[in-house]
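Q: whatever this is, show me its structure:
(one chain, ligands or ions: 1)
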Amino acid sequence: MRQPRLLVARRLFGDLLEPLRAHYRLDVHDSDVPLSPAALTARLQGCWGLLASGTERVDAQLLAACPDLRAVSLVTVGFNNLDLPACQARGLLLSNAPGVLTEATADFGLALLLAAARRVGEGERFVRAGQWQGWAIDQFAGAPVAGTTLGVVGLGRIGAAIARRAHHGFGMRIVYSQRRASPEAVALQAQHLPLTDLLRLADHVVVMVPYGPDTHHLIGAAELALMKPSATLVNLARGGVVDDVALASALQSGRLAAAGLDVFEGEPAVHPHLLACPNAVLTPHIASSTLPTRRAMVQLAVDNLLAWAEGRPGPSPI
Ligand code: DGY
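A: Presented below is the predicted three-dimensional model:
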């Protein structure tokens, strides 16, 4: 029997893909440059499966043009690149990579919070530029972090891992907002608040909610106006959850002290107003990027495909 065809839409770890060859004919787009929607559609002709990241968009239009596609396995936990109703209407097998990136991403959340609040990026650029003339009493004075209040918007797996670090490591009080109270909150003595109350109360805010129509610009000009002027905003979730233009304006006007951003609207493009903000620490969507974590993400995506090839349910269905 002919093996089903599988398109691997990104350069991943080649050694981890090898076991797939026992079950699938692989077509590997071995590049960090994503396929355009048209190229993806063309490459998917005759493919049963797609192994992709969070950037390849699978929507009704693509599905209509790729009638053989039956399965999509993502190496990312975020799956806002999938049009779920369209995928479900087709009955696609779908999987993502939850769990394996929680700790690495939470570490990075703290890194961004500390870097932004304590002005690490500004200080580092200052030293490299040869501008440092010596110690000064209020040089790059930042905002305190330890012992302050952290607002976590979305106390899911990663949000809770960030909150644990902040609470147990930095003695921070945790307040959080999301639709329902979280079971994680008890051990953290975390208080469940409406978003507006959280924004008013928190000394620093971390955003960790999935992106979708209901979270588009969840943090916009009106929400930023509620935050303390000394506060830091960290976005590790997805571009589009925060209104980047409104954020840049708040950072430029001094309405908000600092931001740490790993994700951007329309990335890899970053809004020029944000690029011009010295008080924003900007990183290229690397929160989960340790080698063991990125390998675990790929392994989980591969494990789903191996299970499907044997007619079993995969370990992490969407
Ligand atoms: C994810 O898994 O959704 C991350 O954003 C990618 O690193």
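
Q: which residues does the residue of the stretch 151-300 of the chain found nearest the ligand contact?
A: Closest approach between the stretch 151-300 of the chain and the ligand, counting by Cβ to the nearest ligand atom: Ser288, at 3.9 Å. No exception for glycine: its C-beta is placed from N, CA and C like everyone else's. Neighbouring residues of Ser288 by Cβ atoms under 8 Å, 6 or more residues apart in numbering: 101, 104-105, 108, 294, 297.

Q: what of Gln299?
A: 16, 100.

Q: figure out the helix or strand that it lives in.
A: Taking DSSP states H and E as the definition, one finds Gln299 inside helix 291-309.

Q: buried set for that helix?
A: Under the neighbour-count criterion of 16 or more other Cβ atoms under 10 Å, helix 291-309 has 293-309 buried.

Q: now do stretch 9-16
A: In stretch 9-16, counting by 16+ other Cβ under 10 Å, buried: 9-10, 12, 16.

Q: export those residues to TSV and append columns for distance to the ligand.
A: Converted to TSV, the buried residues of stretch 9-16 look like this (distance: Cβ to the nearest ligand atom, whole Å):
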residue	distance to the ligand
Ala9	14
Arg10	11
Leu12	13
Leu16	16
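
Q: list just the nearest of these to Leu112.
A: Nearest to Leu112 out of the buried residues of stretch 9-16 is Arg10 (Cβ to Cβ; 24.5 Å).

Q: for Arg70, see how far away Phe13 is.
A: 24 Å (Cβ to Cβ, to the nearest Å).

Q: now find how far off-centre the helix holding Gln299 is within its chain.
A: In terms of Cα atoms, centre = their mean, to the nearest Å, the centre of helix 291-309 is found 18 Å from the chain centre.

Q: can I get that helix as CSV, trimmed to CA atoms?
A: Written as CSV, here are the backbone C-alpha positions of helix 291-309 (Å, rounded to 0.1, in the frame of the first residue of the first chain):
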residue,chain,number,x,y,z
LEU,A,291,16.9,23.4,22.6
PRO,A,292,15.4,20.7,24.8
THR,A,293,12.0,22.5,24.8
ARG,A,294,12.0,23.1,21.0
ARG,A,295,13.0,19.5,20.5
ALA,A,296,10.2,18.3,22.8
MET,A,297,7.7,20.4,20.9
VAL,A,298,8.7,18.7,17.6
GLN,A,299,8.8,15.3,19.2
LEU,A,300,5.2,15.7,20.5
ALA,A,301,4.0,16.7,17.0
VAL,A,302,5.8,13.7,15.6
ASP,A,303,4.3,11.4,18.2
ASN,A,304,0.8,12.6,17.2
LEU,A,305,1.5,11.7,13.6
LEU,A,306,3.0,8.3,14.5
ALA,A,307,-0.1,7.5,16.6
TRP,A,308,-2.4,8.6,13.7
ALA,A,309,-0.5,6.4,11.3
